[in-house]
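1. 3D model of this:
(3 chains)
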Amino acid sequence: MAQQTRKKRKGGNSSLIFSNKMYVFLIPALAMFLVFWIYPVLQLFYYSITNFNGINYNFDFVGLKNYQKVLSNGTLTNSLKNTMIYAVFTVTLSNILGMAVAMALNTKIRLKGLFRTCAYFPALFSAIVVGFIWSYVYMPGSGMIANLLSNIGMNGAAFNPLGNFRTALYAIAIVEVWKGFGTTMIIYLAGLQTVDESILEAGQIDGCTEWQLISKIKLPLISSTVTINVILSVIAGLKAFDYSFIMTNGGPGKSTKTLMFQVYETAFTDLKMGRASAFSVMAFAFIIVITVLMLLYLNKREVEL
Amino acid sequence: MALGKKKEERVKPSYMKLTPKTVLLYVAIILFCVIVISPLVIVFSSSLRTPGNQTSPLALFIEFSGASYAKAFNSMNYPMELINSFVTTAGSVLCIVIFATMAAYPIGRIKTKLARFLYFFFISGLIIPSQMVIVPIAQTLNRLGIPNTRFTPMIMFITCSLPFSVFLFSGFMKGLPVEIEEAAYIDGASLGKRFTTVVFPLLQPAIISCVITQGLWIWNDYFYPMVFISKKAQYSLPVGMLQFLGDKENPAQWNVLFAACVLCALPLIVVFLALQKQFVNGIAAGAVKG
Amino acid sequence: MRKMLTALALAGVMTLAASQTVMAYNHEAIENAGEITITMMVSGTAYENDFETEKLPALIKEKWPNVTFEVTKLPDDNYYTSLKTKLASGECPDMILTQPMYAGQNSCYALAEAGYLVSLNDLDVVQGRQDLASVTYEGDIVTSTSGVSILGCYYNKDLFAQAGIESEPQSWDEFLEDCQKLQDAGIQPIVMGDKDQYVLQFGLYQLAANEIYPKNPEFDVQLRTGETKFTDEGTWDKVLEMYKTLYDNKYIDASMSLGYGASQAITDFIDGKAAMTFDGSFNAAALTAEGAAGAFERGYFPIPGTEGVYTATCLSAGYSIYSGSKYIDECKEILDYWQNGSSPVWHAHLDTGRIIATYGEGADTAPNYELFKPFIDLLNEGKGYYWCNQAWPAGTETEMEVLFSEMVGGQGTTVEDITEGMQEKFEDLMED
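-> Numbers count the residues shown, from 1 in each chain, chains lettered A, B, ... in the order given. Presented below is the predicted three-dimensional model:
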């Protein structure tokens, strides 16, 4: 009898209160998730070994050819590189900015609410509206920045960030940061508010400098907040699509084609749904690997700190 | 973290004294906010001009006219799109809260490998972008005989929101004490009764967080409504915005475009300004809980 | 089969449906249908008082009070995505905008091959027409279109006069000289919105019509059989080299144009900030509108080639009926009414100034007709060739645009790289 209970505890569920009957509650969500998400994703795996063009349902199996093509034709390397630059840039900038502003606002500053509102405000706008606004900000000749530069006597006409191969990707990454860092900031702010004042006071009494207070006390105490923020922005960065789509259409050249944009273009412009599926499957695997590695690394750091 | 009841006991706020260091802090933060907010200010100022008036766009608020708004209002069919956006967002969020809290109940409470697996199974959905699977999704809908109506994008919003919401609620659920439920169990309450009368009310902070983050996303998303709605009368605000896409580099159309941008974001701005505290706490709670 | 058919179509040899005996469709379908809603989806930017989204539904209602005609207009990219999704979900609108042959992601051949388009051989308005080869798939006319579209060079007559240019250029060298004169006079010769990379086609296809097809009208057919290649000397290398000259001499300023959107380029042109822009007849309304420079006089000419002037002209995109539609005969009735050459819908469509009808009332009095006339004359002389991408699998032109942008954007890409890239992409897309 006792043995049986122990055995049960190891594998199955022995709780009387939280019995397996509870799984009934899972049904609606699980059904929707399986039917409208997992099944289509499996379908995608299936297409990845066919020559389906997205229109004609008379397609053939082509084995792993789509995978070979994606690996060999250079689109993967280019879009992967762009995505990595984009992700690293946005993750770093939005976390540094978010953290800095959160720390500034976590002091006994006046008008704290107003500043917080200002910083968060861009997050309220739809990506499409943000794309419109920043198209105007960046527009050469008559855009906002070009106008500002001209007004202070600089050559505003030469300002053309989206038309330059070297700057276009960073220009749209800045848009992503502009829209996203407010959310990051609010999460940091909440994290910082959990830090006990007395610990900081103790630190001050011990003669810690401001920087030591931040790096030795505050950061370690909010490390789980850092983890969640970094992971959320990494996922957003790797899924980057909106601003390439709305503002640059992948250009100039291929300089703002991200993974998702490339997948989209392969499927909808080149009519290669099969190959796009293979591309997706690889992109999917890539995003999972990156996310899991980041999680492991950050969790390890959390423990170490 | 104790949600909702953060350090509200700041009865008498004591502000920092003005030292050179704090002045520098103020200057830095004011400058930063100005930079962040400046595109929006110019957009707002331009939207108040008459359509086509492009003289020195940086001269702020030199004209106050509702003409651009009137034009944008009419060409978007604003009241209709507003109602559609509202119905879609409210309907989806309502279903999300119900389905996700229900799903999170066993996942957050049962401590077996299966429950743990289900937890990660749902979370994995976070990683897949919708552009990737849109064609198979459309086929699935077709096979099930689900026609394109205003409910189709809602199905997708609910589905896509499940990973995050289940993650949020089950994380929150783990932090709730089991004792109250044990008491209810001993009192002979059924599972359903326990969920509706004991657990669900306790989830309130997480529900607010879910409503805000998911509502914000659904309100602003244009992808699903664009591909799954055929009738103009069912367009939501962001889809209506798409018709202005060709105008984004056309200075002659800017004032109207900007008015449309403001109109599109207006409901969210109003809600945000009215419920700022809930907003901020909600967003933070969603993440910090994880 | 597909290849052979293309060959026939491209050569202009036609076995037209008109010669076959076709069953007439039910011309009373709408009258007996009761209250119905017919949907249509098109791509483009909605203008004020838009023809497709506003006037057309009103005029249909006037003619048939029991029909609610709902038109959705989406920007190109969103149109393609929506179309594909709606086809996949079996929820395609009754009527859709399609392009001739293989052009674009809504090409009528690709859609017809997949069985999505209804044969329009029994439409009244296509009977006896000999010009529909490029919308005829395996003997079935699948797109109903009433006109042609032109690519050309819009220019500002005032600025030309200012630079001392008296007439439209008749040869490539003259064209370059004129550009130089404009530049010397301190006027930006050409403005292009290359951020929207598709506009690169506007210039390149005209040059291809001048330099490639007159020498070998079968060039694209032979691409498919492997007899010709993009890398062949004196073909695309020449065209790309010629177009590149405009960038090398800053007649088109790449440092600006790569960040310019298409509509911004149009605005610059009507504001008098540049003397020329390459664009299509479909944008005539926008290009002849009044801007900051007022109502200056505008002209439109085909970019001249090194050996004569040809025009890049083709059948316009038109309207197809979805095979899954519940109202096929009703749609046919509507198309017949719309394109019969005399109905109020027909006139409203012509009045947009964006289409060039090849038949029907008012075809030669439509707005902007004077602008287009020289092109029509060339076409009638047999000096017209279709737009290249109609004969290429969708995606080839994108590769060309991307690589060309890289070249003029200083990425070290050469003309050779472009032709090789196009050939590689072409072969890749032709596979399966």
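
2. So if we follow the domain assignment, how does chain C break up?
-> With domains defined by automatic domain parsing, chain C comprises C:2-146+C:316-363, C:152-312+C:383-430.

3. okay if I get those as JSON lines plus mean pLDDT, distance to chain B and mean neighbour count?
-> C-betas here are computed from N, CA, C, even on glycine. Rendered in JSON lines, the data for those read as follows (pLDDT from 0 to 100; distance: least, C-beta to the nearest C-beta, whole Å; neighbours: other C-beta atoms under 10 Å in any protein chain shown):
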{"stretch": "domain C:2-146+C:316-363", "mean pLDDT": "84", "distance to chain B": "3", "mean neighbour count": "19"}
{"stretch": "domain C:152-312+C:383-430", "mean pLDDT": "93", "distance to chain B": "3", "mean neighbour count": "20"}
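
4. Residue ranges in the chain under the pLDDT threshold?
-> Assuming you mean chain A. The model of chain A has pLDDT under 70 over residues A:1-14, A:303-305.

5. Not quite, go with chain B.
-> For chain B, the stretches with pLDDT under 70 are B:1-13, B:55-56, B:246-252, B:286-290.

6. if we can go back for a sec, got TSV for the domains of chain C, with distance to A:Leu26 too?
-> As requested, the domains of chain C are arranged in TSV below (distance: least, C-beta to C-beta, whole Å):
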stretch	distance to A:Leu26
domain C:2-146+C:316-363	28
domain C:152-312+C:383-430	44
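
7. residues contacting B:Ile269?
-> Listed by C-beta atoms under 8 Å, 6 or more residues apart in numbering or on different chains, the contact set of B:Ile269 reads A:Leu124.

8. how close does it sit to A:Arg116?
-> Distance, B:Ile269 to A:Arg116, using C-beta to C-beta, to the nearest Å: 15 Å.

9. Can you check which of the domains of chain C gets nearest to chain A?
-> Closest to chain A of those, according to C-beta to the nearest C-beta: domain C:152-312+C:383-430, at 2.3 Å.

10. what about the closest one and chain A, touching?
-> Yes - using C-beta under 8 Å from any C-beta of the partner chain, domain C:152-312+C:383-430 reaches chain A at C:194-197, C:255-261, C:264, C:268, C:393-395, C:398, C:402-403, C:405-406, C:409-411, C:428-429.

11. Out of those residues, which sit inside helices?
-> If you go by DSSP state H, those have C:255-257, C:264, C:268, C:398, C:402-403, C:405-406, C:428-429 in helices.

12. Now the two most distant members of those residues.
-> Spanning the widest gap among these are C:Asp268 and C:Asp428, at 36.6 Å by C-beta to C-beta.

13. name the element B:Val239 belongs to?
-> helix B:237-242 (DSSP states H and E).

14. Please identify the buried residues of the helix or strand that that helix is followed by?
-> Using DSSP H and E, the helix or strand that follows helix B:237-242 in sequence is helix B:254-274. The neighbour-count check on helix B:254-274 (16 or more other C-beta atoms under 10 Å in any protein chain shown) flags B:254-265, B:267-268, B:271-272 as buried.

15. Name all residues that make contact with the nearest residue to B:Gly66 once chain neighbours are set aside.
-> Excluding its sequence neighbours, the residue lying closest to B:Gly66 (C-beta to C-beta, 6 or more residues apart in numbering or on different chains) is B:Leu48, at 7.9 Å. Residues near B:Leu48 by C-beta under 8 Å, 6+ apart: B:61, B:63-66, B:68-69.

16. all helices of the stretch 101-250 of chain B, in order?
-> For the stretch 101-250 of chain B, the helices defined by DSSP state H, counting those that start in this stretch cover B:113-124, B:130-143, B:151-174, B:179-186, B:191-193, B:200-202, B:204-220, B:223-228, B:237-242.

17. Might you enumerate the residues of the stretch 201-305 of chain A proximal to chain C?
-> Going by C-beta under 8 Å from any C-beta, the residues of the stretch 201-305 of chain A near chain C are A:245, A:248-254, A:264-265, A:268-272, A:274.

18. between those residues, which is closest to chain B?
-> Nearest member of those to chain B, counting by C-beta to the nearest C-beta, is A:Tyr264, at 5.1 Å.

19. Using CSV, write down the CA coordinates of stretch C:147-164.
-> These are the backbone C-alpha positions of stretch C:147-164, laid out as CSV (Å, rounded to 0.1, in the frame of the first residue of the first chain):
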residue,chain,number,x,y,z
GLY,C,147,-7.2,48.4,-72.8
VAL,C,148,-3.5,48.6,-72.7
SER,C,149,-0.9,50.0,-70.3
ILE,C,150,2.2,52.0,-71.3
LEU,C,151,5.5,52.6,-69.8
GLY,C,152,7.2,55.9,-70.7
CYS,C,153,8.9,59.0,-69.5
TYR,C,154,6.9,61.9,-68.2
TYR,C,155,8.6,65.3,-68.6
ASN,C,156,8.1,68.9,-67.6
LYS,C,157,7.9,71.0,-70.7
ASP,C,158,8.8,74.2,-68.8
LEU,C,159,12.0,72.8,-67.4
PHE,C,160,12.9,71.4,-70.8
ALA,C,161,12.5,74.8,-72.3
GLN,C,162,14.5,76.3,-69.5
ALA,C,163,17.4,74.0,-70.4
GLY,C,164,17.1,74.8,-74.0
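
20. Need the phi and psi values for C:Tyr137.
-> phi -110, psi 120 (degrees, to the nearest 10).

21. and if you look at C:Asp173?
-> Dihedral pair for C:Asp173: phi -60, psi -40, per degrees, to the nearest 10.

22. residues from the stretch 151-300 of chain A in reach of chain B?
-> Within the stretch 151-300 of chain A, the positions near chain B by C-beta under 8 Å from any C-beta are A:151, A:178, A:183, A:186-187, A:189-191, A:193-194, A:224-225, A:228-229, A:232, A:235, A:239, A:241, A:246, A:260, A:263-264, A:267, A:273, A:276, A:280, A:283-284, A:287-288, A:291.

23. What are the contacting residues of the helix holding B:Val239?
-> Here helix B:237-242 makes contact (C-beta under 8 Å, 6+ apart) with A:126, A:128-129, A:132, B:76-77, B:81-82, B:84-85, B:219-222, B:225-226, B:229, B:260-261, B:263-264, C:74-75, C:78.

24. In helices, which of the residues of the stretch 201-305 of chain A next to chain C appear?
-> A:264-265, A:268, A:274.

25. want to try CSV for the residues you listed, with neighbour count as columns?
-> Shown next, in CSV, are these (neighbours: other C-beta atoms under 10 Å in any protein chain shown):
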residue, neighbour count
A:Tyr264, 25
A:Glu265, 24
A:Phe268, 24
A:Gly274, 27
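
26. Let me know the closest of those to C:Val67.
-> Distance ranking of those against C:Val67, using C-beta to C-beta, places A:Phe268 first at 31.8 Å.

27. Residue 28: what's it in contact with?
-> Chain wasn't specified; assuming chain A. A:Pro28 neighbours (C-beta under 8 Å, 6+ apart): B:98-99, B:102-103.

28. try again with chain B
-> Applying C-beta under 8 Å, 6+ apart, the residues near B:Ala28 are A:Ala104.
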